[in-house]
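>>> Build me a model:
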Amino acid sequence: MTPSKLGSLATGLVCLVGGWAGIVGAQENPPTFASESAQVRLHVAVFDKKGVPIAGLTADDFEIYEEGARQQTAFVFSPGETPVDLAIVLDMSGSMSDSMSAATRAANELADSLDPADCLLFLPFARAIAEPTWTAGGAGVPAISGDSVGSRDQTALTDAILTAQLMLRTRRVDDVARRAGLPVTSSCVGQSGVQGTRRQLMVVVSDGMDSISRASWGTIMDNVLESRVPVISIFAGTAFTSSPRGAWRVFSRRRMEALAVGSGGTFEPLAGDSYGELFERLLRLMRATYVVTFPRTAASHASAAAWRSVEVRVSGTEARIQAPSGYYANGAVVDRVRTSQGLAARILKLGSIDAAVSLLRDAARQAPDSASVHADLAQALELQSESEEALEFTMRATRLRPTTWHTQAARLAMSLGRGELALEQAIRAAQAGDEVGELLDRLTAELSDSELERVRARLEAPRVFLADTGAGDVQTFLRVRETDGMMARLISDSTELALVRDFSHADFFVWFDVEPDTRRLQRDGRTRGRLRLNLPRHLTTPPPKAWSGSYRDSPFVRLRPRTLQDMSIEFEDSMTVAELDSLFRAAIVELEGWIRGSR
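Residues are numbered from 1 along each chain as shown. Below is the predicted model:
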């Protein structure tokens, strides 16, 4: 495809991504949509009293209520009309060993039952993650070599889930790219259903423990809420049978439950090795699941970061319904933006910078709080020789997600002759762990001794990692995510602290969580939430980048009980951003004092 054709394609891509991202003109008079963000998409399974899937339902049969108010059902696609992209994420670590053969056999039987139009991603893991590859449905699961998952005494659960999420996102990008005439990357092309619609589903089989992942649980939950891909979360394994009420089992169970609830999937605690029966139920679930859409309400647009409760009913029958209890209001927009980013990357490889910039500008308008979109747009603008604008968007990205893209900002600022900004960004890059020694040498070559001393003090500032507590219900997660972002920006702005993105580089850990007795935030926004800030002791030696043994040997768990200080911060849901900012600024000042006193 020539650059000129790609240029004219840009507007079409914006419309294609901006329209319903699974519906094209496969019918004589296809439906048209103003924007996918104007639609809420739900996966709804419908059974009769005996558990048999009910077929033949239409939009007239479904009743949808959002926050108690009846909504108009827009479109319904039946199970037979929508092929499936299925990802099976299977924990093969030591704590799961007693039931691994049964789990693998059940996964194989499920894969054999898929239709040729379906696509399967089988992702076993332990310390390492098997090579992720899509295969056509009906061909079983790929063979697992002994070395593909590494040591069985460690678990990379979060990294494995993130890998599956990214692979599913690539499938969604492939679906739009194929219809736009762009190259696809998946090894399983699959077949679009009626009006181009496909379903996606993830199955996670694990005991919920993680001992070695680099990805944070917050990243996983962000993707869960934004993608709206249902997760069947199977809580299995024998790691905690001796202490069923132990803290680690509770923590792990909450994680696995949050995966299911946040995605609109189901949580399945499994005793023993009865995987065959469970996977048969999953197959029935897939064959009973409709794709149901309804228009987003004005209230959901106004509260984009909120969780909206949903109830689905089927009129005229005593059906048993399995449907999401709600949705993240901004999820449709963010997921569409991620698709735009994937398409833009492919367009750049084909040589059309202008088309990519056009697509990314639209994405940045749709998701002004997305750091990665601003960073991608900045990189495309730099290729377009628009360095000033590229720096502007890079700075937006670093502000939205501290510890990232500082090196890019420093390099751009230096090329534009803005030495002070370049030095500040280079210092933050070095604090975060980037290799920027050569850049710093160039920027400090003409500084006075006193200025050099101030730079040196910044570079030697105590390194702080803002830890992800990683559990909790969806509403609590959304609230803590908001305050975590504010804390990260304030720590990054501190001249006495250095915010790092890798906990293995940290001198101090800051734990930030909502206390258990106030997790249920009231809808009226007046419930008082309590946040606790924990500061573990200063480390005499830096924690290792990797460690062996059980989860209890990890730096997170090993250091958490050695707390220097606890501080409770009370806030109300009704507080403005300015009020929260003032509250947390005071907390950071106290945090700085704690650290000064510990050194």
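>>> can I assume Asp98 sits in a helix?
Yes: assessed with DSSP: H, G, I helix; E, B strand; the rest coil, Asp98 lies in a helix.
>>> Flag every buried residue along stretch 317-332.
Ala319, Arg320, Gln322, Ala323, Pro324, Gly326, Tyr327, Tyr328, Ala329, Asn330, Gly331, Ala332 (16 or more other Cβ atoms under 10 Å). Glycine gets a C-beta too; all of them are placed from N, C-alpha and C.
>>> Could you single out the nearest of those to Thr398?
Nearest to Thr398, judged by Cβ to Cβ, of the buried residues of stretch 317-332 is Asn330 at 21.7 Å.
>>> Let me know the closest of the buried residues of stretch 317-332 to Gly264.
The closest of the buried residues of stretch 317-332, once distances to Gly264 are taken by Cβ to Cβ, is Pro324, at 2.8 Å.
>>> For Thr483, give its distance to Leu114.
Distance, Thr483 to Leu114, by Cβ to Cβ, to the nearest Å: 42 Å.
>>> So between the two, which is more surrounded?
Taking neighbours as other Cβ atoms under 10 Å, Thr483 and Leu114 compare with Leu114 leading, 21 against 18.
>>> Could I get the phi/psi values of that one?
phi -70, psi 160 (degrees, to the nearest 10).
>>> quick one, what contacts it?
Leu114 sits next to Val84, Leu86, Leu120, Gly137, Gly138 when contact means Cβ atoms under 8 Å, 6 or more residues apart in numbering.
>>> Does Asp48 touch Ile54 like I think?
Yes: the criterion here is Cβ atoms under 8 Å, and Asp48 meets it with Ile54 at 5.6 Å.
>>> Between the two, tell me which one has more neighbours.
Neighbours were counted for Asp48 and for Ile54 using other Cβ under 10 Å; Ile54 has more, 17 against 13.
>>> Once you drop chain neighbours, what's closest to that one?
The shortest distance from Ile54 to any non-neighbouring residue, by Cβ to Cβ, 6 or more residues apart in numbering, is to Val46 (4.7 Å).
>>> looking at it, Phe477 is touching Leu259, isn't it?
No: counting by Cβ under 8 Å, Phe477 does not reach Leu259; the two are 11.0 Å apart.
>>> Can you tell me how far the residue positioned nearest the centre of the chain is from Gly138?
Residue closest to the mean C-alpha point of the chain, counted by Cα atoms, centre = their mean, is Asn223 at 2.4 Å. Taking Cβ to Cβ as the criterion, Asn223 is separated from Gly138 by 28 Å.
>>> if we can go back for a sec, from the contacts of Leu114, which is closest to Arg254?
For the contacts of Leu114, the nearest to Arg254 is Leu86 (25.3 Å; Cβ to Cβ).
>>> Give the buried residues for the helix or strand encompassing Glu482.
For Glu482, the element it lies in under DSSP states H and E is helix 474-493. By 16+ other Cβ under 10 Å, the buried positions in helix 474-493 come out as 474-481, 483-492.
>>> likewise stretch 419-436?
421-434, 436.
>>> Kindly report the same for stretch 130-141.
Buried residues in stretch 130-141 (16+ other Cβ under 10 Å): Ala130, Pro132, Trp134, Thr135, Ala136, Gly137, Gly140, Val141.
>>> what's the most distant pair in these?
Ala130 and Gly137 (18.8 Å).
>>> biggest helix in this structure, by residue count?
helix 157-180 (DSSP state H).
>>> Which strands and helices lie in contact with the helix or strand following that one?
Downstream of helix 157-180, the first helix or strand assigned by DSSP H and E is strand 199-206. Contacts defined by 3 or more Cβ pairs under 8 Å, 6 or more residues apart in numbering; DSSP states H and E place strand 199-206 against strand 84-91, helix 157-180, strand 231-235, helix 247-263, helix 275-288.
>>> and of the ones you listed, who's closest to Arg458?
Using Cβ to Cβ, the helices and strands packed on strand 199-206 put helix 157-180 closest to Arg458, at 31.6 Å.
>>> Let's have the buried residues of stretch 130-141 in CSV, adding distance to Gln39, pLDDT and secondary structure.
Formatted as CSV, the buried residues of stretch 130-141 follow (distance: Cβ to Cβ, whole Å; pLDDT from 0 to 100; DSSP: H, G, I helix; E, B strand; the rest coil):
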residue, distance to Gln39, pLDDT, secondary structure
Ala130, 35, 87, coil
Pro132, 29, 86, coil
Trp134, 27, 88, strand
Thr135, 31, 87, strand
Ala136, 29, 85, strand
Gly137, 27, 84, coil
Gly140, 36, 73, coil
Val141, 34, 75, coil
